[in-house]
Each structure stands twice: as structure tokens, then as C-alpha cells.
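Participant: I would like the atomic coordinates for the input below:
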Amino acid sequence: MQLGPSSALTPNVPMNGIKPKGLVVFSGGSAANNLVDVFNTVSEHKKCPLSYVIPISDNGGSSSELIRVFGGPGIGDVRSRLVRLIPDDPDHDDSEKTAIKAFFNHRLPKGRSEARQEWLQIVEADHTLWEHISSAKKELIRSFLNLINLEIVKRLRPSSTFDFSSASIGNLFLTGARLFSGSFESAIYLLSSICSVPPHISVLPAVNTNFSHHISAGLANGTTIMGQNAISHPSAPTALQNQSYAAHEETEAYDRIEDANFPGSLPTLRKQYITFSKAEEEDLPARIERIWYINPYGQEIRVAANPKVVHALSECHCIIYSIGSLYTSIIPSIILKGVGEAIAAPSIRHKILILNSTNDRETGPSSSPFSATDFVAAIAKAGAASRGITGSVQPMEYRAYVTHLIHLQGPGTPRVDREELTALGIETIRVYGRRVDGESFQRYDEKALIQALGVTMGKRDPRADRNRRNTVDN
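Facilitator: Alright, predicted model coming up:
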């Protein structure tokens, strides 16, 4: 497969007066960041716009402290994708872009006092992170950091002080911009502009909101888990008050803390989860059967998707479900109102699932790990839930949501029953992987994945009219 230089590619530029259909990628943060170059390259080769749909339900890490004090969505995955999209030019040494990437990815120390001290150095422009950032950009960035610092001081109470431990500078900046403008969308636009994200690439929060949105998981044994962090990372909360209370006593104790939460709201949605480990995961007691959104009191609600997400889906020719946490990174975006119907549209000919290279806490337990068909079924069930369809989804309906599956093969990878998937009308493509020293799992080889996606997106639907011209393959 011949890959041309990116400088010759002009996504978003109509050819023969016809606007090119777009590419939509559903993903979370860290795992999918490893494939950003793959998706960008495919977008450039197909000369089409690229949209990333990112969930906003994460309530763990330093985001939990921002949510506790300021409310608002979980912004960590949005920030990490915007910073990851800072373009690299191998032919030119752009020290400012490198410095901006390091700045917005920087995390403060784990120690509370050390973190606060370094934060003050950054706010006062007395930190090495500011080197190589131009004066104009530095003062623009610093103005929003000063604003969030002022808001932190204003919200200080005897019962509640802000904990800077492990805080992300990019998350603090994005929160400051949101508070200043009153618009999450405007804050994303500002950070996207500073990071020089290419104009044909959009980072779309699944829900465009200034409020917190949380999810719950229902397990096969009837257990309900509330809050994304509790679903994916079962760590002990670093709460302001971490004694053992009965449910009502615990709620009353948290009501005495002055923060951005509603009185009487669930303590599990209000605690700090600054410290957790993604490496040390316990099995869930049973499989996850369903994910849904909840209000601050734990009641199920139906949430509408960001209209820009629905529009991007209506204007795309291909959907990709990226690698990452199935139930906390991918499905929270699919179950939103308007998304399932848009995905199921027959006009979208390629709906590609890139299968994880290994099962995790969400796709276990280890005694009953998910197969590739289980991944597909979960996505189809989420799409149906978005449309208000409850209960099981018939296997022959899976193809409305997934048409192709790309996977690795080897020890530890989810089982792929090619005959079963073929019978359901889902094509499987195996690609080569690579191993990194110290890791027990395979990673996708970028060149192999680019080729697999390019070939798949260029294929015609074998059930389509054979005389119809293939408008996808460029």
C-alpha cells in the first residue's frame, strides 16, 4: 500500500464539488491515544474529516477533585486527546509545540504540599515548563490558570480545601477556560487552537455540558456499581472523610462539606479518587450486563448526545470503535439518545471494531472472559438501548452496529470465532501485532493497522448492487 506525503493531502477540501464523507472514532483516552497517528493517517489518505467522540463520565484521578469542587464534566480524556493531536513535523524542530505538549500533560507531585508549591510556581511563571513557550501564548495560558487559582481560593472552606496532588495542568486550564466562558465547547476550542489541532480534526465530547454526568453498571448477579471509577478501578477512595458510615450517616457527613455537589447526593459520586492503579485490578464478581446514566441521587436518566456527535455520524462513511475500556470508554457514548439510531443507518457502510488485545476487569471475570462476539453483542445492545429498545438484541441484528472486526491473534487475546461472526455478516481481519519489553500483551502494529483499515474502508459491501460505483475508495 503506497502512502503519500501528508503535505499533499487536503482533507475537508471538496473534490468535484462533493463534500467528502467523514470518519468517526469512538474512544476513551490513554489506550486510544496510541492509535491517533493511525486514525490521522487513514483520514488523510481518504481525504476526509475526522471526528473523535470522547466520553465525559470519568470521575477518577485528579478529575474527581475538579468535579467535587467545581462540578462539570470529566474532562481528562478530552484534554489528553487534544494534546496528543499536537502535530509533529519531523522535518522541523518546533520547540514551542514540544513545550506546550509537555506543559499540558504535566502532572503535579503526589505529595499535597509539594503539589501546591509547584502549582504556585507555575501560576507565577517561575517554572521551567514555561521555557520555549512564546510570551503571547504564555500570558494567555497563565490568565486562565490565574482564574482557576482565584476560584480555588474563593471556594476554600474549613471543611473543604482543594487538593493539588497529581493534578493535571491541562485539566486545570480547561476547567478555568470553561468557568470563564461558561461553555465547555468554547474551552475545547481554545485549547484546540493553542495546541494547533489540524482544522479537519474535531474532538467532540459525547455530551456537551457544564454539569457532571455519572454512569452505573448492572452485573449479571444483580449487583449495581455506581460511578465510573468504581466500575473500572476499585481503589480505596482518598475521601475527605473516610470513616465507615451507614448509608444515610455517610450522606449527612458529606452534606457538611461545602463543595459543588447537591445535598443528599450519593457519597460514591462525591469522593476524591485521586490515587488508583490501573495495573492492579480485581475481577468483578460477575459480567457487566448494562451501563446507564444516573443523576446525583442514583436514579437512572436518559441523556441526549452532543448534537455535533449526531451530525458527525450523519455525515460519515465509516465508524471505528477504538481499543480501550469497553464499558467505560466506548459504551457511555453509544447509549446516549440519538447515537444508536445514527450508527444503525444503512448509509454508513463500514462500522469497524478494533478488538482489544487483551481482556480487562470490565470484560471478565477471568473465569469467563469476553470473546470477540461478546464485544460485538455489547456494542449492539448499547446501540439498541440508545434507541429505547430494552432486553436482548438478536444476533442477526449485530451487523447494524458492527460490520467488520480487526483483531490480533496470540496468547491472551480475546477468542475470535470467525465462522460465527461470518454467519452474522461480520467480516474479520487479522493483523500482526508487536510486543514491547516489559508488557505481557501485544500492541497493534501501526503500518499493519493502517493497511487493514484502508483496505476495509475501500471494500464494497458484497450485498450491494455490483453496478454501483464505489464512492468510498479514493
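
Participant: going forward, measure contacts and count neighbours with C-alpha atoms only.
Facilitator: Will do.

Participant: Can you name the element that comes right after the longest helix seen in the chain?
Facilitator: Identified as the longest helix of the chain according to DSSP state H is helix 135-154. Once the chain leaves helix 135-154, the next helix or strand it forms, by DSSP states H and E, is helix 169-181.

Participant: quick check: mean pLDDT across that next one?
Facilitator: Helix 169-181 shows a mean pLDDT of 98.

Participant: Run the chain-centre distance for it.
Facilitator: 18 Å (CA atoms, centre = their mean, to the nearest Å).

Participant: Packing partners of the helix or strand hosting Ser43?
Facilitator: If you go by DSSP H and E, Ser43 is part of helix 36-45. When contacts are defined as 3 or more CA pairs under 8 Å, 6 or more residues apart in numbering; DSSP states H and E, helix 36-45 packs onto helix 446-458.

Participant: if we go to 10 Å?
Facilitator: strand 22-26, strand 50-54, helix 76-84, helix 446-458 (3 or more CA pairs under 10 Å, 6 or more residues apart in numbering; DSSP states H and E).

Participant: quick one: that helix to helix 76-84, angle?
Facilitator: 60 degrees (axes from the mean of the first three to the mean of the last three CA atoms, to 10 degrees).

Participant: Export the helices and strands packed on helix 36-45 as a markdown table, with columns for mean neighbour count.
Facilitator: Listed next are those as a markdown table, based on neighbours: other CA atoms under 10 Å:
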| stretch | mean neighbour count |
| --- | --- |
| strand 22-26 | 25 |
| strand 50-54 | 26 |
| helix 76-84 | 24 |
| helix 446-458 | 18 |
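
Participant: so where do the helices sit in the stretch 351-474 of the chain?
Facilitator: 372-386, 418-423, 446-458 (DSSP state H, counting those that start in this stretch).

Participant: The ones you listed: lowest mean pLDDT?
Facilitator: When I compare these, helix 446-458 is least confident, with a mean of 94.

Participant: Quick one: neighbours of Thr390, just the number.
Facilitator: Look at Thr390: counted by other CA atoms under 10 Å, it has 11 neighbours.

Participant: who's in contact with it?
Facilitator: Thr390 is in contact with Lys381, Ala382, Ala384, counting by CA atoms under 10 Å, 6 or more residues apart in numbering.

Participant: Among the residues you listed, which one lies nearest to Arg270?
Facilitator: Ala382 (26.6 Å; CA to CA).

Participant: roughly how far apart are that closest one and Leu313?
Facilitator: 16 Å (CA to CA, to the nearest Å).

Participant: domain parsing for the chain?
Facilitator: Here the domain parsing of the chain from automatic domain parsing is 6-57+282-458, 86-196.

Participant: from those, which stretch is densest packed?
Facilitator: Most buried of those, by mean neighbour count (mean count of other CA atoms under 10 Å): domain 6-57+282-458, with a mean of 19.

Participant: CA atoms only for stretch 319-327 - export them in PDB, please.
Facilitator: Extracted C-alpha coordinates of stretch 319-327, given in PDB (Å, rounded to 0.1, in the frame of the first residue of the first chain):
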ATOM      1  CA  ILE A 319     -17.300   4.400  12.200                       C
ATOM      2  CA  ILE A 320     -14.400   3.000  14.200                       C
ATOM      3  CA  TYR A 321     -14.700   1.600  17.700                       C
ATOM      4  CA  SER A 322     -11.200   2.000  19.100                       C
ATOM      5  CA  ILE A 323      -9.300  -0.100  21.600                       C
ATOM      6  CA  GLY A 324      -9.900   0.900  25.200                       C
ATOM      7  CA  SER A 325     -12.200   0.100  28.100                       C
ATOM      8  CA  LEU A 326     -15.400  -1.300  26.500                       C
ATOM      9  CA  TYR A 327     -17.900  -0.300  29.200                       C
END
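
Participant: export the contacts of Thr390 to JSON lines and tack on distance to Thr223?
Facilitator: Putting these into JSON lines (distance: CA to CA, whole Å) gives the following:
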{"residue": "Lys381", "distance to Thr223": "19"}
{"residue": "Ala382", "distance to Thr223": "19"}
{"residue": "Ala384", "distance to Thr223": "22"}
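
Participant: Can you tell me what sits against stretch 87-103?
Facilitator: Under the criterion CA under 10 Å, 6+ apart, residues 37, 80, 82-86, 105-106, 122, 128-134, 137-138, 168-170, 194-198 lie in contact with stretch 87-103.

Participant: Could you pull up the mean pLDDT of the helix holding Ser43?
Facilitator: 96.

Participant: how many degrees apart are it and strand 50-54 in direction?
Facilitator: 150 degrees.

Participant: Output the below-cut-off pLDDT ranges for the stretch 151-300 of the chain.
Facilitator: 234-247, 276-281 (pLDDT under 70).

Participant: thought Arg107 was touching Ser165?
Facilitator: Yes. Counting by CA atoms under 10 Å, Arg107 does reach Ser165; the two are 8.5 Å apart.

Participant: and for these two, which residues touch both?
Facilitator: Ser62, Ala115, Trp119.

Participant: just the strands in the stretch 351-474 of the chain please.
Facilitator: If DSSP state E, counting those that start in this stretch is used as the criterion, the strands of the stretch 351-474 of the chain fall at 404-407, 427-430, 433-435, 442-444.

Participant: actually the stretch 201-350 of the chain, sorry about that
Facilitator: Per DSSP E, counting those that start in this stretch, the stretch 201-350 of the chain carries strands over the ranges 201-205, 214-219, 224-226, 288-294, 300-301, 316-321, 350-354.

Participant: Any idea which of the ones you listed gets closest to Thr428?
Facilitator: Closest among the strands of the stretch 201-350 of the chain, once you apply CA to CA, is strand 350-354, at 9.6 Å.

Participant: Which other helices and strands does that closest one contact?
Facilitator: So strand 350-354, by 3+ CA pairs under 10 Å, 6+ apart, packs with strand 22-26, strand 316-321, helix 372-386, strand 404-407, strand 427-430, helix 446-458.

Participant: Quick one: work out the angle between that strand and strand 316-321.
Facilitator: 20 degrees.

Participant: in its sheet, what does strand 350-354 sit against?
Facilitator: strand 316-321 (parallel), strand 404-407 (parallel) (DSSP bridges).

Participant: follow-up on the earlier one: got CSV for the strands of the stretch 201-350 of the chain, with distance to Gly412 too?
Facilitator: Formatted as CSV, the strands of the stretch 201-350 of the chain follow (distance: least, CA to CA, whole Å):
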stretch, distance to Gly412
strand 201-205, 32
strand 214-219, 23
strand 224-226, 27
strand 288-294, 20
strand 300-301, 35
strand 316-321, 20
strand 350-354, 16
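
Participant: For Ser57, find the nearest of those.
Facilitator: That would be strand 214-219 among the strands of the stretch 201-350 of the chain, by CA to CA, at 5.2 Å.

Participant: how much space between the nearest residue to Ala400 once chain neighbours are set aside and Gly61?
Facilitator: Spatial nearest neighbour of Ala400, excluding adjacent residues (CA to CA, 6 or more residues apart in numbering): Ala344 at 4.9 Å. Relative to Gly61, Ala344 is positioned 34 Å away (CA to CA).
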